[in-house]
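>>> the following comprises the amino acid sequence and a computationally predicted model.
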Amino acid sequence: MIDKTRCSVQIAIVGGGIVGTSVARELSKYNLDVLLIEKEAEVGWGTTKANSGIVHGGFHEVPGTLKAKYCFPGNQMFPQLCEELDVSFKQNGILMVARNEEEMKTVEQYLERGLERGVNVRLLSREEVLKLEPHLEPSILGALYAPEGGSVMPFELAAALMENSIQNGVQLLTENPVTNAWVEGDQKVLETPAYIIKAQVVINAAGLFADDLARMFGDDYFTIRPRKGEEYLFDMTTKDLVKSTIFPVPSTKSKGILVIPTSEGNLMIGPTGDDVLEKEDLTTTTDGFSRILEGARSLVPSIDPRKIIAQFAGVRAASSRHDFIVEFSPNIPGLLHLAGIESPGLTAAPAIAADVVQMMKDAGIKMEPKIDFEPRRRKVIRFHRLSRKEQDQVIKENPAYGRVICRCETITEGEIIDAVRRGARTLDGVKFRVRAGAGRCQGGFCQPLVMEIISRELGIPFEQVTKRGTGSEQIRYAAKELLTREVEQ
Amino acid sequence: MKVLTADTAVIGGGPAGLAAALTAKKQGADKVLIIERNNELGGILQQCIHHGFGLHRFKQELSGPEYAQRFIDMVKKTDIEVLLETMVSELTPERKIYAVNSRNGMMEISAKAVVLAMGCRERTRGALRIPGTRPAGVFSAGTAQRFMNIDGYIPGKKAVILGSGDIGLIMARRFTLEGARVEAVVEVLPYAAGLTRNVVQCLEDFHIPLYLRSTVIEVHGEDRVEGVTIAEVDEAWNPIAGTERYIECDTLLLSVGLIPENELSTQAGVAVDPVTNGPIVNESLMTNIPGVFACGNVLHVHDLVDNVSKEAERAGRFAGRYALEQGEDWKKRVKVIAGENIRYVVPHEIGLDEPVEFFMRVQRPDENVVIDVGGLRSVRQRSIRPSEMLNITVTPEMLKNVTGDSITVQVVTLKEAEVRA
Amino acid sequence: MHKTIICTVCPLSCNVFLELGDNDEIVSLTGNRCPRGKAYAAKEHTAPERTLTTTVKARGGIHPLLPVRTDKPIPKEMLLEAVQAVSDLEVEGPIRMGQVLIEDFLGTGSNLVASRDL
């Protein structure tokens, strides 16, 4: 048997998605010994990565649900959170569009729901909507407008939350899936391929695998049902098609197919909402695409599928309770479940994290504020957003910012080096943090250069640079290697 | 910020940029500048190590680097200035270029004439929307070519190639000669998109199967490509149920088309032709922005570098002249219309005082036809294919016969041509 | 015996039909539309040749590889043997385009030359 490293912490968070990282950062405000355990090579790589990135208005959710409890307060926390963490956040507003009389009635119901909660919402007439968004389907009747709805890059946010948590003392363990878990007295034990970790409190933020983790502890009272969403991303030249995030009137099952201006500006359409068997079914499908295109074009008819540059899918962690599960396990003391956090989970995450602090206090855990808590992470230099004068200055200070690596998005070597120094380990990690390779050529030109920078910065051979962790190496052999091998055979 | 000036500034140091700079210099311009983002001149030719370049121009078959080297050597003999590892971030309609590099920081370059020679990029999996997983091991053919021929790495040892364009075919041979296997080349068209010569020398020589009227309908593998499903397609390119076939592989290469890189041009206000995805130009290859010229793959995707050089020399000549004379007063303009079985013609608009070389592509293959250029000139063709660009020159003498505001270029049958004559 | 060879001399891609005798000798040759096609098909039948282009490991340049080629075509069946033969060759700069790296490469009478400056 391999000797596993044993360690003991006060609080172990399992799962580094938007929920786990939000909780980590919130707990880092207190004098606690916190460890976050992630199965992938970097945080934010499960459901979070494929999230639509919408900071919801808070008018959608059914009253009385936990979704309703956390969504609007979460929305209100985003401006400060993103400012502190230097994460791109755009309050571009949300429009829920009515295409017929019946939908208009539903829109009015949502207006009431929003107003009751104190959400800044109002009704817009057809003319007002078309003035705001001239490319919308002209036959619409009107829309609900929530100007405080917004857009973020969910992966960037998770990475920033983690970075700031680490700054404030949280420890991170990646590429360590929890394979077994049990209770030992008042301690909970988590086993991973390399570690055996004892913790006083385990926070289950394992997303799609939250029910599996619960069951490892013998705690079997909820199920996670994977529901897949496909998304299609457009070229930057689609920037001006819509400003607000465009919603249809929702169905009972999902919020529908949306037209989303991402916080970077380019358009995205999706998601589907299909129950799937596999928790990691990340395939995109022809059928999914046609439904998305049809849905999106019913809102914005001029959407041109030839401008699509990328597609992806994510799987939502819907719970058997049809709502978030945010509670201490009734069966295992000290096991806190944050499960079934599907939409609007991204928006709700900061509010859930704040509530976790309260729940811990209520559970009698000593929560002593950290006097030297640093809410800000080091500012990120985003070269393409600087003025020419600033660009010139930045290059003078560090010539690496004068070498443009990703030509489509104008991302410099300096930014890529910085991303690696902040925790990026892979091509996807760099792409999601600084957008190198996220543009129209999808890394066709810059991939070899980015791989070289990662290899150099991490001190690993070129062939060991991966797309997203062990097993996803892009390059398998050195030149001539296959020829000389043949000779040996 | 460093402020520079140039008579002619050429954006891009590939085959088009090199040829344009040389001819601009020959026009007598004092200061010609090439701005190149790579760390060497030559552009994509440096990774095209196969031979077959230069048959028209040099009457011999050169490799890509050899073809590039000849032009680089010529540039080195002049006082043309070269900025390497320099990225142009903006071009204004007043021909101010903003560019950055590590040494000089941000630069503002005022140019009397600008030649756009940025080349093209490859279509991606995202643009094709191939369903399935998104593992490592999916490359555009050109990226794989760079890994193999420049950086010294081999992506994998069992590849499937989607697209039978010349780059895909060339990469099939390259993989084979590096000791890897190519399981299949898959092409949606009923015929190979690349040159027959490449089908013979890159596929048949190595017994690599070519599946026509077929496409990749799904990518498999979580972390790394484990295989692809291919299927035959119908007339509308939809997969035919029951024809699916699974092919195990660790690499999928895409050779599915090239797109001129005109983001910089459009930002400056250059009008782009939706068919070529390149600028709309007149016979001097000048765009709608006075003093801004375009040539090579940024103007339209070529299949022979010899044609790129020829076209670029034209752009360079007129750009050089424009820089010296600061604008020219063009006389009568005539629109060029793509007629029957012509997908596009470049230039889009012509004057009548200069010889004009038309570059064009057809929509469908045909045999024994005549290309009729507005009744001014007819050229017989034994075989025409969309993948092979045609070029036809008309002289000012012929242009004297133009009467209306436009001329139509079209493909006609031999009989029709006879009747007209 | 019959055999079809697709001519690759020009884009017309003629199908050249060869009628072969008992010793594989060409009895008749039809389908070509020009004399070049005839010459090509005959050569392709009796002794097909290809120009080899590949890379060798290199030191002293800006890239770790140097593109190389044969200066004349070599027998087609030798291509794989030829890439094996140079798989462990490593050259050092400076090298000039056209410089001979291996004379009379594998006894073919063709030289292996550098395809660019190093």
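The structure has been received and is ready for your questions. Numbering: from 1, shown residues only, chains lettered A, B, ... in the order given.

>>> how about the residues of chain B by chain C?
Applying Cβ under 8 Å from any Cβ of the partner chain, we find that chain B lies next to chain C at B:39-40, B:46, B:49-51, B:61, B:63-66, B:68-69, B:148-152, B:176-179, B:195-197, B:199-201, B:205, B:382-383, B:385, B:388. The C-beta positions use only the backbone N, C-alpha and C, and glycine is treated the same way.

>>> if we go to 7 Å?
B:39-40, B:49-51, B:63, B:65-66, B:69, B:149-150, B:152, B:177, B:195-197, B:200-201, B:205, B:382-383, B:388 (Cβ under 7 Å from any Cβ of the partner chain).

>>> buried ones from these, can you make that a PyMOL selection?
In PyMOL syntax, the buried subset of the residues of chain B next to chain C is picked out as below (16 or more other Cβ atoms under 10 Å in any protein chain shown):
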select buried, chain B and resi 40+49+50+51+63+65+66+69+149+150+152+177+195+196+197+200+201+205+383
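
>>> could you pick out which of the residues of chain B next to chain C are near chain A?
Applying Cβ under 7 Å from any Cβ to these, one finds that residue B:152 fall near chain A.

>>> how many neighbours does the spatially closest residue to residue A:325 that is not a sequence neighbour have?
In space, and not counting its chain neighbours, residue A:325 is closest to residue A:339: 4.2 Å by Cβ to Cβ, 6 or more residues apart in numbering or on different chains. Neighbour count of residue A:339, defined by other Cβ atoms under 10 Å in any protein chain shown: 28.

>>> which residue does chain A bring closest to chain C?
residue A:483 (3.8 Å; Cβ to the nearest Cβ).

>>> contact partners for that residue?
B:178-179, C:83-84, C:87 (Cβ atoms under 7 Å, 6 or more residues apart in numbering or on different chains).

>>> can you tell me the SS state at the residue in chain A that chain B sits nearest to?
Closest residue of chain A to chain B, Cβ to the nearest Cβ: residue A:482 (3.1 Å). With DSSP: H, G, I helix; E, B strand; the rest coil as the basis, residue A:482 sits in helix.

>>> what's the burial count for it?
19.

>>> what does residue A:138 give?
10.

>>> list phi and psi for it.
Backbone torsions for residue A:138, taken as degrees, to the nearest 10, come to phi -70, psi -20.

>>> tell me the spacing between the nearest residue to it once chain neighbours are set aside and residue A:250.
Spatially, and ignoring its direct neighbours in sequence, residue A:138 is nearest to residue A:130 (6.6 Å; Cβ to Cβ, 6+ apart). Relative to residue A:250, residue A:130 is positioned 22 Å away (Cβ to Cβ, to the nearest Å).

>>> more crowded one of those two?
Higher neighbour count among residue A:130 and residue A:250: residue A:130, with 16 against 13, using other Cβ under 10 Å.

>>> from memory that one sits against residue A:137, does it?
No. Using Cβ atoms under 7 Å as the test, residue A:130 is too far from residue A:137 to be in contact (9.4 Å).

>>> give me the most central residue, chain C.
Note on chain C: the residue nearest the mean C-alpha position is residue C:50, at 1.7 Å, using Cα atoms, centre = their mean.

>>> any low-confidence regions in the chain?
I went with chain A, as the question did not name one. Residues of chain A meeting the criterion pLDDT under 70: A:1-2, A:485-489.

>>> ah, no, chain C please
Applying pLDDT under 70 to chain C flags the ranges C:11.

>>> show me how it divides into domains.
C:2-46, C:53-114 (automatic domain parsing).

>>> for chain C, which residue gets nearest to chain A?
For chain C, Cβ to the nearest Cβ, closest residue to chain A: residue C:87, 3.8 Å.

>>> these two touch, right, that residue and residue A:482?
No. Using Cβ under 7 Å, residue C:87 makes no contact with residue A:482, being 8.8 Å away.

>>> around chain C, which positions in chain A sit nearby?
A:479-480, A:483-484, A:487.

>>> what kind of secondary structure is the closest residue to residue A:233 other than its chain neighbours in?
Leaving aside its sequence neighbours, residue A:233 sits nearest to residue A:310 (Cβ to Cβ, 6+ apart; 4.4 Å). Three-state assignment for residue A:310 (three-state DSSP): strand.

>>> before we move on, what about residue B:185?
strand.

>>> now swap in residue A:463 and tell me
Under three-state DSSP, residue A:463 comes out as helix.

>>> show me what contacts the residue nearest to residue C:116 when sequence neighbours are not counted?
Of all residues not flanking residue C:116 in the chain, residue B:65 sits nearest, at 3.6 Å (Cβ to Cβ, 6+ apart). By Cβ under 7 Å, 6+ apart, residue B:65 lies in contact with B:42, B:45-46, B:49, C:67, C:115-116.

>>> same check on residue A:435?
A:264, A:409, A:411.

>>> check residue A:334 too.
Residues in contact with residue A:334 (Cβ under 7 Å, 6+ apart) are A:186, A:188, A:200-202.

>>> cutoff 10 Å now
Contact partners of residue A:334, counting by Cβ atoms under 10 Å, 6 or more residues apart in numbering or on different chains, are A:11, A:183, A:186-188, A:199-203, A:328, A:363, A:365.

>>> count the residues that sit near the residue nearest to residue B:240 when sequence neighbours are not counted.
Nearest residue to residue B:240, sequence neighbours excluded (Cβ to Cβ, 6+ apart): residue B:232, at 4.8 Å. Using other Cβ under 10 Å, residue B:232 has 18 neighbouring residues.
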